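K.L.:
Predicted model, plus sequence, below.
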Amino acid sequence: MAHWYVMYTKPRLETQAVENLERQNYRVFYPQARVRKRRSTGLAEVVEPLFPRYLFVRLESGVDDFSKLRSTKGCIDLVKFGGKATPVPQALVDLIQSQLADDGLLHLEALNGMPKVGSSMRVADGPFEGLMATIAQHKGADRVLVLLNVLGGERRVVLSATQLQSP
């Protein structure tokens, strides 16, 4: 039975990794978000990875050769726990996919007030809706780096501040 796994990629080479994995007939899910960034010329909408340096690849244990993934251009290796590649729950991938707009992107909007570093917030919408997050760092005018308890450990995720609300 096939499962989704998380692939760790080289910096800013997610697109190259996707192309090379698809060329090898792997099914890949690379969630991206449309975000507003403050530029010297004003606000601009840009497309960024939802999880920089990470993407999802669908593999079947015992059928697919996991070892050749490391030598795929743009890829580093599958994310492992205890030295073993661990599948991602299907529900998590389904949840992210259900949040995609018609253009295949998540649309994250700017927030006027930013939460304080160290504060606990609830994710109000998006793929992690309902989870509690700790604000770790501000990333630009409208995004924050949060710590979420996902996949059996604490994970760093960049979210739009508009996705967060007080608990």
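P.N.:
Sure, I can see it.

K.L.:
average pLDDT for stretch 66-82?
P.N.:
Across stretch 66-82, the average pLDDT comes to 93.

K.L.:
Spell out, range by range, the strands that occur in this structure.
P.N.:
Secondary structure of the chain, counting by DSSP state E: strands at 2-9, 27-29, 32-39, 42-49, 54-60, 75-78, 80-81, 84-85, 106-107, 120-123, 132-139, 143-150, 153-160, 164-165.

K.L.:
helices and strands of the protein: which one has the lowest mean pLDDT?
P.N.:
Ranked by mean pLDDT, DSSP states H and E, the weakest helix or strand in the chain is strand 106-107, scoring a mean of 76.

K.L.:
still on that earlier bit, mind putting the strands of the chain into JSON lines with mean neighbour count and distance to Leu100?
P.N.:
From N, CA and C alone the C-beta is placed, and that goes for glycine too. Shown next, in JSON lines, are the strands of the chain (neighbours: other CB atoms under 10 Å; distance: least, CB to CB, whole Å):
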{"stretch": "strand 2-9", "mean neighbour count": "19", "distance to Leu100": "15"}
{"stretch": "strand 27-29", "mean neighbour count": "15", "distance to Leu100": "10"}
{"stretch": "strand 32-39", "mean neighbour count": "17", "distance to Leu100": "9"}
{"stretch": "strand 42-49", "mean neighbour count": "12", "distance to Leu100": "12"}
{"stretch": "strand 54-60", "mean neighbour count": "19", "distance to Leu100": "13"}
{"stretch": "strand 75-78", "mean neighbour count": "18", "distance to Leu100": "23"}
{"stretch": "strand 80-81", "mean neighbour count": "11", "distance to Leu100": "27"}
{"stretch": "strand 84-85", "mean neighbour count": "12", "distance to Leu100": "25"}
{"stretch": "strand 106-107", "mean neighbour count": "18", "distance to Leu100": "6"}
{"stretch": "strand 120-123", "mean neighbour count": "17", "distance to Leu100": "17"}
{"stretch": "strand 132-139", "mean neighbour count": "16", "distance to Leu100": "21"}
{"stretch": "strand 143-150", "mean neighbour count": "19", "distance to Leu100": "18"}
{"stretch": "strand 153-160", "mean neighbour count": "17", "distance to Leu100": "15"}
{"stretch": "strand 164-165", "mean neighbour count": "18", "distance to Leu100": "20"}
